[in-house]
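A.B. asks: just coords:
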């Protein structure tokens, strides 16, 4: 009896470990059924609706619908469309068109600034379009004051140069004297040794 129970449990475990074969089942293509769908919603729970959607399909599979919403400028925008075998098409008559006439107008200050800028631009363009004229070279004419300062500078320079030459000669004499003293000291050390 225990053998039969063990065999039944074993065969149940083995059969559950292998998945059942999966066969693809074709999804049936159902015929189009007409429908009608619409709703409205708001931005806030319990608030007034600010968007509307409506859609309607026919037996041929063509869907017509539209939606409307309140844009950020508090203007209603409405879009209508048709979806058929050729794709999704928006009704172009309801698309917004840019207003080509209503451009912003300049204030008086902006108009004056633009005119001033244009005037300066034209002046610069005219100035830069002309051939540059080389500046005339003038010889430096030395005044009497500059000449006297130059003469005083040269005298002072000569005095300083003479002083440097005297100091250099004095250093040479001292170096020569020091050399003789070292030689004499060296001779005296050798005499005592």
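C.D. replies: Sure thing, it's come through. Since this is a predicted model, take the numbers as computed values, not measurements.
A.B. asks: quick one: low-confidence parts of the protein?
C.D. replies: The model of the chain has pLDDT under 70 over residues 1-21, 94, 96, 100, 193.
A.B. asks: Helices of that one, residue ranges please.
C.D. replies: With DSSP state H as the criterion, the chain has helices at 2-17, 108-129, 144-192.
A.B. asks: I'd like the ones you listed as a markdown table, with mean neighbour count and distance to residue 56 appended.
C.D. replies: C-beta coordinates here come from the backbone N, C-alpha and C atoms, glycine included. What follows is these, written out as a markdown table (neighbours: other C-beta atoms under 10 Å; distance: least, C-beta to C-beta, whole Å):
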| stretch | mean neighbour count | distance to residue 56 |
| --- | --- | --- |
| helix 2-17 | 9 | 50 |
| helix 108-129 | 10 | 52 |
| helix 144-192 | 10 | 103 |
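A.B. asks: Identify whichever of these lies nearest to residue 49.
C.D. replies: Distance to residue 49, taken as C-beta to C-beta, is lowest for helix 108-129 among those, at 42.2 Å.
A.B. asks: Just the residues contacting the closest one, thanks.
C.D. replies: residue 106 (C-beta atoms under 8 Å, 6 or more residues apart in numbering).
A.B. asks: For the helices of the chain, give me JSON lines that also has distance to residue 35.
C.D. replies: Shown next, in JSON lines, are those (distance: least, C-beta to C-beta, whole Å):
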{"stretch": "helix 2-17", "distance to residue 35": "44"}
{"stretch": "helix 108-129", "distance to residue 35": "57"}
{"stretch": "helix 144-192", "distance to residue 35": "106"}
